[in-house]
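Student: give the three-dimensional model of this entry:
(chains A, B, C and D)
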Number of protein chains: 2
Amino acid sequence: MPRHSILDSLNDTLRKEALEKSRVMQFPPGQILFSAGQHCQGLPLVLGGRVKVQMTGVSGHSIVLYRMDADDICTLSIGCLMTGRAYRAEAVVEEAADAVMIPRGVFDRLMDQSAGFRLGIMESYGRRLDDLMLLVEEVAFRRMDKRLEEWLLGRAARGPVVITHQELAVELGTAREVVSRLLKELERRDMVKLSRGRIEVTGLLL
Amino acid sequence: MPRHSILDSLNDTLRKEALEKSRVMQFPPGQILFSAGQHCQGLPLVLGGRVKVQMTGVSGHSIVLYRMDADDICTLSIGCLMTGRAYRAEAVVEEAADAVMIPRGVFDRLMDQSAGFRLGIMESYGRRLDDLMLLVEEVAFRRMDKRLEEWLLGRAARGPVVITHQELAVELGTAREVVSRLLKELERRDMVKLSRGRIEVTGLLL
DNA sequence: GGGTTGAATGTGACTTTATCACTGAAGGTA
DNA sequence: TACCTTCAGTGATAAAGTCACATTCAACCC
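Tutor: Numbers count the residues shown, from 1 in each chain, chains lettered A, B, ... in the order given. So this is what the prediction gives:
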C-alpha cells in the first residue's frame, strides 16, 4: 500500500479510485525518469529512494537543480502535464526509487475534487520555487570554496563520500578543474582525504 | 472592467463574485508591491504596467529574478498564500501598474470551482519554474559580456536605455565595476554610447 | 604477473569575473 | 558659485573558468 502524504489528504473513495488507475513503479539507480525534450506521461509521487533533477545548458554544462525523495511530488511534471510542454531538465535515480504514477485524467479529477490535494500540489510548487530562487542566489553570489565545503558537510555524516570530481562539479555548477583544485587545497589543510572517486571528510567545520 | 485572461476562464457567476470581493489597485512606479519577510495578503493578477521581482542574498547582493506585466499572475504569492510562508523576494513597480487583488478565500473558491482557473494558475507556475531554471543556467555558465549585450539588445528597440550601471549589475547579478568595464569596452568598439544613467545602443548585433 | 586501456585526477598558463579602495565627473541645490 | 550626492572609471589583487596536456589509478585481458 503506497504511503504518500498527499494521498492521505484524499477521502477513501477518491484514494481508492486514484490508486486503481495509477501504477506503482520501481526505478533502479541510474535510470532516467525523464529527460529534456520528452513529454510527460503522468505525475510521479515519490514514495522512496532518491532522484536528482539536473539540466544541461546550451554550453553543454550541467547543474543539479534539486533532489526528490520520499513524500515528494515531481513538481516539474505538473507544468508539463497541464500545458503539454516538454521537460527542460533530466531526472536521474540515485537510490532505487519507487513512485506512484498518476495519469493526467486522474490528476485533473483530484485537483477538481480535493482541496487537500490542491494544497499539497501548491505547497510543493511553492517549495520548488523557493529552492530555485535560493539556488540562483547561491550560484550568482556565493564563493565556490564555501559552497563546496557546505556540500561536503551535508554528505559527510555517514562515512566517506563516493563521488568523482566531475560529478561534484555538476552538483555545484562549476568546472571539474575548479573542484579538483579546491579539494587539493582542503587536503593540504588536512580537512579531507582524497582517493579516486572518494572523499573522506576528516576535519571540516563550517 | 478589469481585463485578465484568467478571469475570462470563469463563468459569469464566479467572475462577478470574484470581482465583487476583490479590489483593483493602482501602483505608481517605485512602489514596493511586497518585500522579503512580509506575508501575503492576496493574489495579484497584473492587468498592466510592469513589476520586477528581485531578491537580495545573504551577501547583500541583489539579482532580478523575473518580471511581470499585463496578464501575468504573481506566482510567488500563491505559495505564500497557501502555505503561510513569508515572501523571500521583493517586487518593485517599474511602470505604473494596476492589479486585481484576490483575497485568499476567493482564491480557494476559484481553485475549487473552476478548472480553467486552475489551469491558468498551473500554467503560470510552470512558466515561472522554467524561467528560474533558465536563469540558473544563465548565471552559472554564460559569459557576462554576452549576457550584457543580450540584455541591452532586449531593451534597445525604442531609443536609449535609461539605467545606471549599478541597476544593470542587479539585472545580471554581478558587480557594478564589471558592468562599467564591459560597457567601456563596448564603447571603445563603437557599439554603445555612454552617458550618465543612459546607454545608447548604436551598433550591436548578436 | 605484465601490459593495455579508459576514466579520473593534477597542474601550468592564461582569461574572465569579483572585490577593494580609491579617484574623478555630472548634476542638483543651497 | 560652492557644495554634495550619486554615478562612473580604474588599478591592484584574488577567485573562478578555460584550455591543453601530463599523470595516476583500477579494471580487464591475455
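Student: CA-only coordinates of stretch A:45-62 in PDB, if you can.
Tutor: This file holds the C-alpha atoms of stretch A:45-62, laid out as PDB (Å, rounded to 0.1, in the frame of the first residue of the first chain):
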ATOM      1  CA  LEU A  45       4.500  10.800  -6.400                       C
ATOM      2  CA  VAL A  46       7.800   9.700  -4.900                       C
ATOM      3  CA  LEU A  47       7.400   7.000  -2.300                       C
ATOM      4  CA  GLY A  48      11.000   6.400  -1.500                       C
ATOM      5  CA  GLY A  49      14.600   6.500  -2.800                       C
ATOM      6  CA  ARG A  50      16.300   9.500  -4.300                       C
ATOM      7  CA  VAL A  51      16.100  11.200  -7.600                       C
ATOM      8  CA  LYS A  52      18.200  14.200  -8.700                       C
ATOM      9  CA  VAL A  53      17.000  16.700 -11.300                       C
ATOM     10  CA  GLN A  54      19.600  18.400 -13.400                       C
ATOM     11  CA  MET A  55      19.700  20.400 -16.500                       C
ATOM     12  CA  THR A  56      22.200  20.800 -19.300                       C
ATOM     13  CA  GLY A  57      22.700  24.300 -20.700                       C
ATOM     14  CA  VAL A  58      23.400  25.300 -24.300                       C
ATOM     15  CA  SER A  59      27.000  25.400 -23.300                       C
ATOM     16  CA  GLY A  60      26.900  21.700 -22.600                       C
ATOM     17  CA  HIS A  61      27.500  22.200 -18.900                       C
ATOM     18  CA  SER A  62      25.100  20.600 -16.400                       C
END
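Student: list the buried ones in it?
Tutor: Within stretch A:45-62, the residues that qualify as buried are A:45-57, A:61-62, counting by 16 or more other Cβ atoms under 10 Å in any protein chain shown. (C-beta placed from N, C-alpha, C; glycine too.)
Student: repeat for stretch A:30-39
Tutor: By neighbour count with 16+ other Cβ under 10 Å, stretch A:30-39 contains the buried residues A:33, A:34.
Student: for chain A, which segments count as strands?
Tutor: A:23-27, A:32-34, A:42-56, A:62-69, A:90-103, A:192-195, A:198-201 (DSSP state E).
Student: what helices or strands is the lowest-mean-pLDDT helix or strand in chain A leaning on?
Tutor: Ranked by mean pLDDT, DSSP states H and E, the weakest helix or strand in chain A is helix A:75-83, scoring a mean of 90. On a contact count with 3 or more Cβ pairs under 8 Å, 6 or more residues apart in numbering or on different chains; DSSP states H and E, helix A:75-83 meets strand A:42-56, helix A:104-113, helix A:115-141, helix B:115-141.
Student: can you redo the ones you listed as a markdown table with distance to residue B:157 and mean pLDDT?
Tutor: Output for those, formatted as a markdown table (distance: least, Cβ to Cβ, whole Å; pLDDT from 0 to 100):
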| stretch | distance to residue B:157 | mean pLDDT |
| --- | --- | --- |
| strand A:42-56 | 30 | 97 |
| helix A:104-113 | 40 | 95 |
| helix A:115-141 | 26 | 95 |
| helix B:115-141 | 21 | 95 |
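Student: which of the ones you listed sits closest to DNA strand D?
Tutor: helix B:115-141 (6.3 Å; Cβ to the nearest atom of the strand).
Student: can you tell if the closest one touches DNA strand C?
Tutor: No - judged by Cβ under 7 Å from any atom of the strand, helix B:115-141 stays clear of DNA strand C, getting no closer than 8.2 Å.
Student: strand B:62-69 and that helix, what's the angle between them?
Tutor: Put simply, helix B:115-141 runs at 150 degrees to strand B:62-69, going by axes from the mean of the first three to the mean of the last three Cα atoms, to 10 degrees.
Student: let me know whether helix B:115-141 sits next to chain A.
Tutor: Yes - using Cβ under 8 Å from any Cβ of the partner chain, helix B:115-141 comes into contact with chain A via B:115, B:118-119, B:122-123, B:125-130, B:132-141.
Student: off-centre distance for that helix?
Tutor: With Cα atoms, centre = their mean, to the nearest Å as the basis, helix B:115-141 stands 12 Å off its chain's centre.
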